[in-house]
Structure formats: C-alpha cells, structure tokens
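Asker: okay, predicted coordinates and the sequence, questions at the end:
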Amino acid sequence: MLSAFLNDKPLYYDEIDYSRMPRVYERIKSNFEKPKIIHVIGTNGKGTTGRFLATALYSLGFSVGHYSSPHILNFNERIWLNGSDASEEALNLAHSELLTILTKEEADSLSYFEYATFLAMLVYKDARYVVLEAGLGGERDATAAFKNELTLVTPIDMDHEAFLGDTIAEIATTKLLGVQKMAILSEQANEEVYDVAFELLRKKDKKHARAEVYIDEEDETKISIIARESSLENYLVNNLKLAIAALKYMNIPYEAKNFSNSKLFGRLSAFGDNVLLDVGHNVLAARAILKSLTGDKYVLVYNSYKDKNYKEILRILRPIVKRVEIIDVLNERIEKKEILQEALKELGIVHGRFDSIAQDEKYLVFGSFSVVEEFLRACNE
C-alpha cells in the first residue's frame, strides 16, 4: 500500500516548492505529538551521527526515533524506532492515518521526502526523543518544519550546489539558517564554516559551540573504548564525538556500553572478508576514505551522478585504487558511461566493467547509496 503510493512520486526534483511543507504542517500540526527533536544538518556524517545518538538514548531507557535518508535497500531503513527499522505494519498504519489527515491534493502534491517525513513523525508519536536528519539544506528542508531543541552540524562541504550555493560560505549559510535554538558544530575541514556560524548565528541571536567544548578527558577515554570495540575509522570518531557532545549538552550521563552496535551499515562497512562498502559520494567523503585506507590497494567498484565532482573524487582516491570497475546503475541522474570512462582515461586509471567479486582481491564499493544498492542486489542474485 505505502510502497505503491511512494512509487508514484519522483525521488528527485529539478525545482522544489519550499513553501509547501511548512504550509501543510501548519494546518495539520495538531495531529502530531511534540517529542524532543534533535535536528542533524551538514554535508557528510549525518546518518552515523544520528544513529550514534539515537542508539545511546535508546540504551539509556528512552523511547527514540531516528529518521535518516536515503535508504540502501528498503524504505524501512529510513524510519528507525527503538533499535529496529519500522515494520511494514507500522508504516502502513501510519500511511493510512496520514491519508485521513491530509487532503487528497496535499497528499498528491507532497514530495517523496516530505511525505516520508510526515510519515516518520506519526510512527514516532510515542517517542521521547526524535533524531531528525535533514535531507537537503537546513532552513528550507522539510524536517525544519518541526520545532527542535538542538541542531547538530556535521562537516559542511561542497555538494548539491544547484540547490545550496556555489561556495562553502553559501552552502554553510543555507544550512545554518536552519538553526532554531542551539547548534553544536563538529570538527570542520573548512574554516569558513566556523566564520559563517559565528557571524550568522550571532546576528540571529542563536547560541552555538564546537563539539570539543563538551568533551573532557573522561569522554576521550570512553570514546577510545567505543572506537576500538566498534572498529571506527577516524571520521566516524568525529561523528561519535558530536553525538556525545549532544548528550553532554542535554545533561544525559552515559557509558561506553550505551554505544554498542551503534555503527550504521554502509559507512566503511565490511561485507564478507574482502569488501568494504561506503555510501559516500562527494569530495569530503573521498578524502576521509583515503585517510582511513592509505597503505592498501583496492578494486574500486564505482559509478557517479552527473552533478558530482567525480573527476576530483577519483583523483583523490587514485593512490589506493588498483583499478576501477564501473557498476551499472539504472538511474536518470547517473553519468553516461563513456563520459566517466573518459575521465578515468585522463586520470590514467585502469578500468573495466564490474561483473563479480574475486576472492583474491580487496574491493571498495563507493559512489552513492545507489551504487551500494546495485552492488548488494548483484551479490544477492
């Protein structure tokens, strides 16, 4: 029922009506409970930061939801509640309820992401906390319609320039305009983000701080334990620190054990003995992977959307790439194969077509959620 309804909505839009979500929410907001919402914005690391925080809160005895996007294989992955992805039954019940709240015109006009956001908030109606991950941007994102207690800001970098801006400062401004009360910033690779945060939030009389302000020596010890037990790469440790800073800000005591099994699948995740999967798809993600994997050579299973800076991504990853194997992805946003092949040729990277996994090779599957999805489907056939 829900899947058929969502399949009729396009996943991507050339233009977005930013007035629609707040307008619809204003009319129907009495139908939603008011949990404590932690909003997560940024370019990279939103999913893992949110899952770290949600897992810890659940382990500490709270009812908690974590809304993230996109999904890899199943829509249910987007709507996590109390340790598990939402069931088909829960999603279809929420869908039926939502259709009674919305007019037909509203239900039909809402985008895929807007509808999914309303759906998630109905699933979370009994939750004490909801960790709500922005899909695109900050102030004008569908998730910003809901009042929040805290905004967590993961690393901000170039991405989705057509919607967010052509410079780091413009993108940071677009995202940080979404801060409603208080913002905690993770470690940023671009100093401009700190500059924008200071000027913009000061003018808007919003409070903000860097995550490290909340991290003391005892926290560092716990972080080391969590990182070792969960095999976290450096960039994931920074996301963990941001989640812990949120707990400290909210005066919620925690122990290292509260983060057990909190790593989100698809973030340098092992698949079998010789494959690593990562849903990253931009320059910042490529740099993080290079730093984590330097010293080994991998067969890179790859493809890219047209609007991504794939030539720079491939240039960054080149030191750890033995060869590239292009995986077929059926998506209108994917770059034409011959254009991608030309870029690989210019970079001097040996390339071919992905067919299957060889047990005597190390593989890195990278490029987007769509690339990881196609790879997993191919392996399960």
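Answerer: Happy to help now that I have it. Small disclaimer: the values here were computed from a predicted structure and weren't measured.
Asker: pLDDT averaged over the helix ranked longest in the chain - what is it?
Answerer: Counting by DSSP state H, the longest helix found in the chain is helix 234-249. For helix 234-249, mean pLDDT rounds to 95.
Asker: could you list the domains of this structure?
Answerer: Using automatic domain parsing, the domain parsing of the chain gives 2-259, 267-380.
Asker: what about the strands in the stretch 201-350 of the chain?
Answerer: Secondary structure of the stretch 201-350 of the chain, counting by DSSP state E, counting those that start in this stretch: strands at 207-210, 267-270, 275-278, 298-302, 321-326.
Asker: could you dump these to CSV with mean neighbour count and distance to residue 87?
Answerer: The C-beta positions use only the backbone N, C-alpha and C, and glycine is treated the same way. What follows is the strands of the stretch 201-350 of the chain, written out as CSV (neighbours: other C-beta atoms under 10 Å; distance: least, C-beta to C-beta, whole Å):
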stretch, mean neighbour count, distance to residue 87
strand 207-210, 16, 38
strand 267-270, 18, 23
strand 275-278, 21, 25
strand 298-302, 23, 32
strand 321-326, 20, 36
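Asker: mind checking which of those strands is nearest residue 370?
Answerer: Residue 370 lies closest, by C-beta to C-beta, to one member of these: strand 298-302, at 11.4 Å.
Asker: which strands and helices sit next to that closest one?
Answerer: Packing partners of strand 298-302 (3 or more C-beta pairs under 8 Å, 6 or more residues apart in numbering; DSSP states H and E): strand 321-326, strand 363-366, helix 369-380.
Asker: contacting residues for the closest residue in space to residue 242 that isn't next to it in sequence?
Answerer: In this structure, residue 242 finds its nearest non-sequential neighbour in residue 186, 4.1 Å apart by C-beta to C-beta, 6 or more residues apart in numbering. With contact taken as C-beta atoms under 8 Å, 6 or more residues apart in numbering, residue 186 is in contact with 42, 45, 49, 152, 153, 154, 155, 211, 238, 239, 241, 242.
Asker: from those residues, which two are the most distant?
Answerer: Using C-beta to C-beta, the two most remote members of these are 42 and 241, lying 13.7 Å apart.
Asker: which of the two has more neighbours?
Answerer: Taking other C-beta atoms under 10 Å, residue 42 and residue 241 do not tie; residue 42 has more neighbours (28 against 23).
Asker: between its first and last residues, how far does stretch 34-47 reach?
Answerer: One end of stretch 34-47 sits 22 Å from the other (C-alpha to C-alpha, to the nearest Å).
Asker: just how off-centre is that stretch within its chain?
Answerer: Its chain's C-alpha centre lies 9 Å from the corresponding centre of stretch 34-47 when counted by C-alpha atoms, centre = their mean, to the nearest Å.
Asker: quick revisit: closest one to residue 206 among the helices and strands packed on strand 298-302?
Answerer: Closest among the helices and strands packed on strand 298-302, using C-beta to C-beta: helix 369-380, at 31.5 Å.
Asker: the closest one packs against which elements?
Answerer: By 3+ C-beta pairs under 8 Å, 6+ apart, helix 369-380 packs against strand 275-278, strand 298-302, strand 363-366.
Asker: now for those, which one comes closest to residue 78?
Answerer: Here strand 275-278 is closest among those (C-beta to C-beta), at 18.0 Å.
Asker: rounded mean pLDDT for that closest one, please.
Answerer: pLDDT averaged over strand 275-278 gives 95.
Asker: ok, back up a step: closest to residue 82 out of the helices and strands packed on strand 298-302?
Answerer: Residue 82 lies closest to helix 369-380 among the helices and strands packed on strand 298-302, at 23.9 Å (C-beta to C-beta).
Asker: picking up where we left off before, now the helices and strands packed on helix 369-380 in a markdown table, with distance to residue 224?
Answerer: Formatted as a markdown table, the helices and strands packed on helix 369-380 follow (distance: least, C-beta to C-beta, whole Å):
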| stretch | distance to residue 224 |
| --- | --- |
| strand 275-278 | 23 |
| strand 298-302 | 27 |
| strand 363-366 | 26 |
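Asker: tell me the helix or strand right after the lowest-mean-pLDDT helix or strand in the chain.
Answerer: None of the helices or strands of the chain scores lower by mean pLDDT, DSSP states H and E than helix 161-164, at a mean of 63. Following helix 161-164 in sequence order, the next helix or strand is helix 168-176 (DSSP states H and E).
Asker: for that next one, name the packing helices and strands.
Answerer: Counting by 3+ C-beta pairs under 8 Å, 6+ apart, the packing neighbours recorded for helix 168-176 are helix 161-164, helix 191-203.
Asker: before we move on, the earlier item: now the weakest link among the strands of the stretch 201-350 of the chain, please, by mean pLDDT.
Answerer: Minimum mean pLDDT among the strands of the stretch 201-350 of the chain: strand 267-270, a mean of 90.
Asker: tell me what that strand is packed against?
Answerer: Packing partners of strand 267-270 (3+ C-beta pairs under 8 Å, 6+ apart): strand 275-278.
Asker: hmm, who's touching the strand it packs on?
Answerer: Contacts for strand 275-278 (C-beta under 8 Å, 6+ apart): 265-271, 285, 289, 293, 298, 357, 362-366, 372, 375-376.
Asker: repeat that for stretch 72-90.
Answerer: 2-3, 6, 51, 54-55, 58, 63-71, 91, 116, 119-120, 123-124, 127, 265-266, 279, 369, 372-373, 376-377.
Asker: alright, I will stop here.
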